[in-house]
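Q: sequence first, then the predicted structure, then my questions.
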Amino acid sequence: MRWQQGREALDGMLARGELERVPASRDHADLLLSQARQHLASAAAIAQSDPAGGYQLLYDAARKALAAVLENQGVRATSRGGHIAVREAVSAQLDPPLGGVLRPFDRLRRRRNQVEYPSSSAPVVAADEVARDVPKVEEIIDVAARVLDQMSPL
């Protein structure tokens, strides 16, 4: 049986070129989840010495976890859709009931952009900010891992 929640949103994203079809791959999804867990551990490990690098790894961990859900289904974001398409596609399919867990992703994305492209008006990221977001990213990774067996290829 095909996963139906969010199907109309994903069909629209495919039609607009924000997502593209790829061969559905549980192996690739598992690899992305493994990388996400490694990035999360690395972010926590370097937070004190390199908070900016830690935050970038933290965000990449969340992004790869959500991308794993899509790869398992046989879709991925295009350069047109980018990271926002990853969030929108997974949220359309899982919110409700899991929107609360996914919601921090967009804030993480915006903060990562501030860190990656700093301005004099944006505060520098600190180690405690990385530490505060580690549990949120851990939840995102856990949700992604839990839903893989339930969400069939599109």
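A: In hand now; what should we look at? Numbers count the residues shown, from 1 in each chain.

Q: show the backbone phi and psi for residue 76.
A: Dihedral angles of residue 76 (phi, psi; degrees, to the nearest 10) stand at phi -150, psi 160.

Q: quick one: contacts for the residue nearest the centre of the chain?
A: Residue closest to the mean C-alpha point of the chain, counted by Cα atoms, centre = their mean, is residue 63 at 2.4 Å. With contacts defined as Cβ atoms under 8 Å, 6 or more residues apart in numbering, residue 63 is in contact with 83, 86, 105, 109. Backbone N, C-alpha and C define where each C-beta goes, glycine included.

Q: tell me which element it falls in.
A: In this structure, residue 63 sits in helix 51-73 according to DSSP states H and E.

Q: so residue 122, which state does it fall into?
A: The assignment at residue 122 comes out as coil when based on DSSP: H, G, I helix; E, B strand; the rest coil.

Q: spatially nearest residue to it, not counting backbone neighbours?
A: With Cβ to Cβ, 6 or more residues apart in numbering as the criterion, residue 122 has its nearest non-adjacent residue at 4.4 Å, and that residue is residue 114.

Q: which residues of this structure score low on pLDDT?
A: Regions of the chain meeting the criterion pLDDT under 70 cover residues 1-2.
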